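> Here's my sequence, what's the structure:
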Amino acid sequence: MVSVTEILTRLLKQGALLILTVGLGAGAGALYAMSQTPTYTARAFVVVVPQSDTEAAIALNYAQAFGRIATQGAVLSEATAAMRQSTSVDRVRRQVRASTSPDVPLIELTGSADTPKAAADLANTVADALVKFGNDSRTRTKVRLASFVEATPPDGPSSPNAPLDIAVGAAAGLLIGGLAMLAGVGGQRSVRRREEAEPADPRSVAEPEPYHGPGPDGRPTNETLARSHENSQGRGEVPAGRQQP
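Next comes the predicted model:
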């Protein structure tokens, strides 16, 4: 039986292990958040407007189509040429995302940069390039594009998210501590089972008595006569195979 003191000792050790691993994980998450460069995100919206009521149904379909080409070469080349700072189309493609809604003919353009103003300028520049590209073909598409909401500089960075990073680190520490506890409990059970299966003192196992019976020819062996002589001396008897003088 396990005593109460042993149970409390184990609980204290396990609790200290969990506190240590959770603290280390939270600290690692905080260090990660502090080491990352802040990234700011701004959003601009472009709306697809039909030229007549008869084309209202196709505005949503064209919004989906323009959303797919918003981050392609033709639109991004126009946006890159309009930017004041020199950059490449590939870099702009990595910094801009486009998404659409299945219910309304809106295109959302998200720009990411290392400063709030740069993020807003990037989203607005790509939105203007998309509007220009779409309106150049409005005679064929029967729809036009217009700026719906311009992007504004965000108040704070979108990443890193310090509370989230700390929470993720603490959760990882809790998982590692729990696995370590399970591994320790399993090891203790294996040792206990092995100790219960083995005898406490191997020397305490009784060795079998040597054979002292008759030999192969049926006659008593010397060892048998010696043992019989020892026993007969204690009882005053004559051993077998000898005659009393």
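> Every contact and neighbour count from this point should use C-alpha atoms.
Noted.
> Can you pull the poorly scored residue ranges out of the protein?
For the chain, the stretches with pLDDT under 70 are 1-15, 33, 36, 54-55, 160, 184-245.
> how does it divide up, domain by domain?
4-35+161-189, 40-149 (automatic domain parsing).
> Kindly check the end-to-end length of the longest one for me.
In terms of CA to CA, to the nearest Å, the two terminal residues of domain 40-149 are separated by 18 Å.
> Please tell me how far Ser86 sits from Gln95.
Ser86 is 15 Å from Gln95, by CA to CA.
> Which of these two has more residues huddled nearby?
The residue with more neighbours, out of Ser86 and Gln95, is Gln95; 17 against 8, by other CA atoms under 10 Å.
> Who's the closest spatial neighbour of that one, skipping the chain neighbours?
Ser112 (5.2 Å; CA to CA, 6 or more residues apart in numbering).
> Which strand runs longest in this structure?
As assigned by DSSP state E, the longest strand anywhere in the chain is strand 40-50.
> Beyond it, next helix or strand please.
Using DSSP states H and E, the next helix or strand after strand 40-50 towards the C-terminus is helix 56-69.
> Which positions within that following helix qualify as buried?
Of all the residues in helix 56-69, those buried under the rule 16 or more other CA atoms under 10 Å are Ala56, Ile58, Ala59, Leu60, Tyr62, Ala63, Gln64, Phe66, Gly67.
> again with stretch 79-87
Buried, per 16+ other CA under 10 Å, within stretch 79-87: Ala79, Thr80.
> can you check stretch 138-151 too?
Buried residues in stretch 138-151 (16+ other CA under 10 Å): Thr141, Lys142, Val143, Arg144, Leu145, Ala146, Ser147, Glu150, Ala151.
> Narrow those to those in helices?
Using DSSP state H, the subset of the buried residues of stretch 138-151 located in helices is Thr141.
> Among the buried residues of stretch 138-151, which one lies nearest to Pro116?
Ala151 (10.3 Å; CA to CA).
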